[in-house]
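In: Need a 3D model of the sequence below.
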Amino acid sequence: MNRLIHIGFGNIVNTSKIIAVVSPDSAPVKRLVQHAKEAGTAIDATQGRKTKSVLVMENSQIVLSALLPETIAGRAQGDLGVPAREEEGHEEE
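Out: Now for the predicted structure:
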């Protein structure tokens, strides 16, 4: 069964489609993001915040998130993809 995890601001991704979660600070990742934006395959889920992680998806799409890679990895490995506080309607960011 496919699991969905929350990547910030009400945005959710399918964990079975994630290839990598990386920091956006290195030059190769910055180029990857720029190429994806130019090709129209970048999905910006930051809501205008600073990009803190880049999710490389199975279908060559790139998802930008304002959460740290460690946070997303923890959610992907944990039992719950959506924290209980958000189920009650409260944002954590």
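In: Give me the below-cutoff pLDDT ranges for the protein.
Out: 1, 79-93 (pLDDT under 70).
In: how about the residue nearest to I19 when sequence neighbours are not counted, what does it touch?
Out: Spatial nearest neighbour of I19, excluding adjacent residues (Cβ to Cβ, 6 or more residues apart in numbering): V56 at 4.7 Å. Backbone N, C-alpha and C define where each C-beta goes, glycine included. Residues in contact with V56 (Cβ atoms under 8 Å, 6 or more residues apart in numbering) are I18, I19, A20, V21, V22, L32, I62.
In: Confirm that H35 sits in a helix.
Out: Yes - per DSSP: H, G, I helix; E, B strand; the rest coil, H35 lies within a helix segment.
In: any idea how far Q61 is from it?
Out: As judged by Cβ to Cβ, to the nearest Å, H35 and Q61 stand 12 Å apart.
In: quick one, which of those two is more surrounded?
Out: Q61 (16 against 12; other Cβ atoms under 10 Å).
In: my guess is the more buried one meets A42, correct?
Out: Yes - using Cβ atoms under 8 Å, Q61 is in contact with A42, at 7.3 Å.
In: Mutual contacts of the two, please.
Out: Contacts common to Q61 and A42, judged by Cβ under 8 Å, 6+ apart, are A36.
In: in the chain, which spans are helices?
Out: 27-39, 69-77, 84-87 (DSSP state H).
In: who wins for proximity to Q47 among the ones you listed?
Out: Nearest of the helices of the chain to Q47, taken as Cβ to Cβ: helix 84-87 at 14.3 Å.
In: Spatially nearest residue to L4 (excluding sequence neighbours)?
Out: Once flanking residues are discounted, L4 sits nearest to I12: 4.7 Å by Cβ to Cβ, 6+ apart.
In: One more: I43?
Out: Closest to I43 by Cβ to Cβ, 6+ apart is V63, at 4.7 Å.
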